[in-house]
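Engineer: The amino acid sequence is not available; the structure is as follows:
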């Protein structure tokens, strides 16, 4: 299994509070991603990173920010959590671009963080 | 914009029977397609992927998928399912933001 950990694994918080989720990898992969999973929606991309300090928005980025100061860590921050952000959050990593023709474009997923915003 | 449709929310199959999970995509160019499996409370595991070449792709755990450009489909198959195959299955296509665009998933139930 790819070395990906997410912390915390479970969190309950209140509306309006800031929340930071952490993704840590030991694979030295360049690309990292944050997805959210909701019933009836599958997984949707929030933000992704293509290197240290290089990030970009995904499909559902409103209300979220990210930071990547080291190769191994990718942080997802909810500045002011809302109930609509109750979800399961997955981090993923890949060695090369997922659209690349090389063989190392597989995305490996972490175990997920279940976030409940009351 | 690219999109993925998995028409079946739930599928029930008897153990030992064959399986086919449907996936249709919408994408302008040659698609890069994936099937992932998610067991309860777990992350996602890649079953197989299609980038180019042979349209019949073999994956792990005895799964295969066939890319049909004329039908915009990438259906997942297995000749004989096991109780351990019960899980959520996701089809995905490479999205424009360099991440993946996922279908909504198909929940597979195995009857004894």
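Structural biologist: Nice, I can see it. Small disclaimer: the values here were computed from a predicted structure and weren't measured.
Engineer: which residues touch the most centrally placed residue in chain A?
Structural biologist: A centroid search over chain A (Cα atoms, centre = their mean) returns residue A:34, at 2.2 Å, as the residue closest to the centre. Going by Cβ atoms under 8 Å, 6 or more residues apart in numbering or on different chains, residue A:34 touches A:21, A:23, A:45-48, A:58, A:64, A:66, A:74, A:76, A:89-92. The way it works is simple: take the backbone N, C-alpha and C, and place the C-beta from them, glycine included.
Engineer: Considering those, which is situated nearest to residue B:86?
Structural biologist: Set against residue B:86, the nearest of these by Cβ to Cβ is residue A:90 (20.4 Å).
Engineer: how near is residue A:114 to chain B?
Structural biologist: Here residue A:114 is placed at a distance of 9 Å from chain B (Cβ to the nearest Cβ, to the nearest Å).
Engineer: thought that residue was touching residue A:9?
Structural biologist: Yes. Here residue A:114 lies in contact with residue A:9, judged by Cβ atoms under 8 Å, at a distance of 7.1 Å.
Engineer: Which of the two has more residues huddled nearby?
Structural biologist: Applying other Cβ atoms under 10 Å in any protein chain shown to residue A:114 and residue A:9 shows that residue A:114 carries more neighbours, namely 15 against 11.
Engineer: in what helix or strand does the more buried one lie?
Structural biologist: strand A:113-117 (DSSP states H and E).
Engineer: what sits opposite the residue nearest to the centre of chain A in the beta ladder?
Structural biologist: residue A:47, residue A:91 (DSSP bridges).
Engineer: again with residue B:38
Structural biologist: Those that pair with residue B:38 in a beta bridge, by DSSP bridges, are residue B:44, residue B:88.
Engineer: Compute the number of surrounding residues for it.
Structural biologist: 20.
Engineer: Quick check: mean pLDDT of stretch B:40-51?
Structural biologist: The average pLDDT for stretch B:40-51 rounds to 89.
Engineer: Quick one: neighbours of the closest residue in space to residue B:52 that isn't next to it in sequence, just the number.
Structural biologist: Using Cβ to Cβ, 6 or more residues apart in numbering or on different chains and skipping residues adjacent in sequence, the residue nearest residue B:52 is residue B:30, 6.8 Å away. Using other Cβ under 10 Å, residue B:30 is surrounded by 11 other residues.
Engineer: Over to residue A:17?
Structural biologist: Residue A:17: 12 neighbours (other Cβ under 10 Å).
Engineer: Check the one 4 residues further on too.
Structural biologist: The burial count assigned to residue A:21 is 20, neighbours taken as other Cβ under 10 Å.
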